[in-house]
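**Student:** would you be able to build a 3D model of this:
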Amino acid sequence: MKFRGFSILAMLTALLVSMIACQPTPDVDTDVPAGGEIALPGRGIIVRPGSTNWLEERYQSEVVNIGLEELGYEVAEMQEAAYPVLYSAIANGDLDFTANSAHKTHTALLDNAGGDEVFDTVGSLYPLIQGYQIDKRTADEYQITTFERLQDPEIAQLFDSDGDGLANFMGCEPGWYCEQLISHQMVAYGLEETVEVNTGQYNALLPELIARYQEGGSILFYAFYPHWIAQVLKPDEDVVWLEVPFTSYPDNYEEPVSEADTTFEGQNLGIIQDSYAVAASDVFLEANPVAKRWFEQVQIPIEDVNAESLRIRDGENTAEDVRRHAEEWIEVNREQVDAWLEDARQAAN
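**Tutor:** Prediction:
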């Protein structure tokens with residue numbers, strides 16, 4: 001979950017609801033076909049998925065949908081909307097699930113739409129990793145492993161790209177929650193006198209950052225995975241994460257944030273580390289244990305999602321392209337997928 005800004009508009013909810021017809025859920029056919037044929041426990045059941053309009057997030061949705069189709073479900077056309085509208089539609093019975101949810105960072109959004117009385121968050125599709133990175137060359141040469149080292153003006157000047165003596169830090173996009181978080185943490189970590197935060201459209205800022213690195217310059221930036229940047233500036237090869245001295249979030253954040261929440265592989269990266277999951281209505285999950293078991297098992301390596309993001313950046317950027325990419329991933333991982341599907345079929349018994 002990238003910390004993009006969220007807005008709930010009643011008119012969007014009404015529009016989405018008007019587009020989606022409520023579908024009855026027939027009884028699940030649990031009979032195993034004769035003659036060794038593959039059972040289709042979802043046969044006769046229509047499922048209604050939702051997704052955000054962020055094309056990269058459609059990828060895991062298509063992987064999940066393909067598995068449902070192979071289990072016999074009829075998957076309706078995917079409806080796209082902002083997170084709050086998706087959750088409202090699921091709570092109202094107009095959609096069944098979305099594969100765009102996140103365990104930790106969407107808690108408040110889910111609570112606003114009904115919380116545990118309406119939803120269950122199932123599975124762990126792939127991790128969401130966020131934090132601060134610098135190029136490995138500079139990190140190794142100056143033994144920089146922690147964010148607060150930038151309090152030192154001499155260290156900060158290594159990342160000065162405009163000649164004003166301050167480190168140029170590429171932040172996140174205006175309107176994303178991480179913009180507010182970074183501003184807060186610059187003060188909390190004592191960096192407001194040595195670091196200048198540059199913001200703008202995130203993907204538009206990256207080419208200049210990459211060019212500076214390729215020309216031998218030092219770079220400092222906010223990074224999140226999955227994203228194509230991990231395919232261009234490879235972690236532990238081109239760039240490394242910086243550890244923060246302690247976890248610090250603004251007082252207006254909805255939930256308490258602990259060091260455990262912001263730690264990834266033993267490093268406190270300062271920002272909540274999370275994972276994508278499927279958020280579905282309790283009613284749907286109770287009526288469809290096969291689908292629930294499928295949701296619980298699907299896992300996509302984050303490297304594969306990063307690679308998908310790069311393909312989208314490089315021009316394979318239509319919904320049809322993303323569907324094809326998901327089909328290719330299923331086939332490359334066919335043995336594992338078949339094992340997940342067979343396990344899911346057992347839930348019908």
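
**Student:** show me the shaky parts of the stretch 151-300 of the chain.
**Tutor:** Within the stretch 151-300 of the chain, no range satisfies pLDDT under 70.

**Student:** show me the protein divided up by domain.
**Tutor:** With domains defined by automatic domain parsing, the chain comprises 10-127+276-346, 129-268.

**Student:** any chance of those in a markdown table, plus mean neighbour count?
**Tutor:** Yep, even glycine has a C-beta here, placed from its N, CA and C like the rest. Converted to a markdown table, the domains of the chain look like this (neighbours: other C-beta atoms under 10 Å):
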| stretch | mean neighbour count |
| --- | --- |
| domain 10-127+276-346 | 18 |
| domain 129-268 | 17 |
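
**Student:** ends of stretch 309-326, how far apart?
**Tutor:** Taking C-alpha to C-alpha, to the nearest Å as the measure, stretch 309-326 stretches 12 Å from start to finish.

**Student:** touching that stretch from outside, list them.
**Tutor:** The set of residues that contact stretch 309-326 without belonging to it, under C-beta atoms under 8 Å, 6 or more residues apart in numbering, is 55-56, 58-59, 62-63, 65-66, 203, 226-228, 231-232, 308.

**Student:** same thing but 7 Å
**Tutor:** Stretch 309-326 is touched from outside by 55-56, 58-59, 62-63, 66, 226-228, 231, 308, with contacts defined as C-beta atoms under 7 Å, 6 or more residues apart in numbering.

**Student:** tell me the one of those nearest Ile129?
**Tutor:** Minimum distance to Ile129 across the contacts of stretch 309-326 is 8.2 Å, recorded for Pro226 (C-beta to C-beta).

**Student:** now do the residue lying closest to the closest one once chain neighbours are set aside against Tyr202, distance only.
**Tutor:** Distances taken as C-beta to C-beta, 6 or more residues apart in numbering put Val305 closest to Pro226, at 3.8 Å, once the chain neighbours are dropped. Summarising the geometry, the distance separating Val305 from Tyr202, computed by C-beta to C-beta, to the nearest Å, is 17 Å.

**Student:** do the same with Gly266
**Tutor:** Gly266 sits 27 Å away from Tyr202, taking C-beta to C-beta as the criterion.

**Student:** ranges for the helices of the stretch 151-300 of the chain?
**Tutor:** Residue ranges of the helices in the stretch 151-300 of the chain, as given by DSSP state H, counting those that start in this stretch, are 153-157, 177-188, 202-214, 229-232, 282-287, 289-297.

**Student:** need those in CSV with distance to Ala76, can you?
**Tutor:** As requested, those are arranged in CSV below (distance: least, C-beta to C-beta, whole Å):
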stretch, distance to Ala76
helix 153-157, 53
helix 177-188, 31
helix 202-214, 31
helix 229-232, 33
helix 282-287, 13
helix 289-297, 13
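
**Student:** Ala81: which of these is closest?
**Tutor:** Between Ala81 and these, the shortest gap by C-beta to C-beta is with helix 282-287, which sits at 17.6 Å.

**Student:** name the surrounding residues that touch that closest one.
**Tutor:** The contact list for helix 282-287, computed with C-beta under 7 Å, 6+ apart, reads 25, 96-97, 118-120, 292.

**Student:** recalculate using a threshold of 8 Å.
**Tutor:** Helix 282-287 is contacted by residues 25, 28, 47, 93, 96-97, 117-120, 122, 291-292 when judged by C-beta under 8 Å, 6+ apart.

**Student:** just put the contacts of stretch 309-326 in JSON lines and tack on distance to Ser218.
**Tutor:** Listed next are those as JSON lines, based on distance: C-beta to C-beta, whole Å:
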{"residue": "Leu55", "distance to Ser218": "32"}
{"residue": "Glu56", "distance to Ser218": "28"}
{"residue": "Arg58", "distance to Ser218": "36"}
{"residue": "Tyr59", "distance to Ser218": "33"}
{"residue": "Glu62", "distance to Ser218": "39"}
{"residue": "Val63", "distance to Ser218": "38"}
{"residue": "Ile66", "distance to Ser218": "43"}
{"residue": "Pro226", "distance to Ser218": "25"}
{"residue": "His227", "distance to Ser218": "21"}
{"residue": "Trp228", "distance to Ser218": "22"}
{"residue": "Gln231", "distance to Ser218": "21"}
{"residue": "Glu308", "distance to Ser218": "29"}
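
**Student:** ok, so of those residues, who is nearest Leu158?
**Tutor:** Nearest member of the contacts of stretch 309-326 to Leu158, counting by C-beta to C-beta, is His227, at 24.4 Å.

**Student:** what's the closest of the helices of the stretch 151-300 of the chain to Tyr73?
**Tutor:** Tyr73 sits nearest to helix 289-297 of all these, at 6.9 Å, using C-beta to C-beta.

**Student:** can you pull the contacts of Lys104?
**Tutor:** With contact taken as C-beta under 8 Å, 6+ apart, Lys104 is in contact with 255, 261, 272, 274.

**Student:** fine by me, thanks again.
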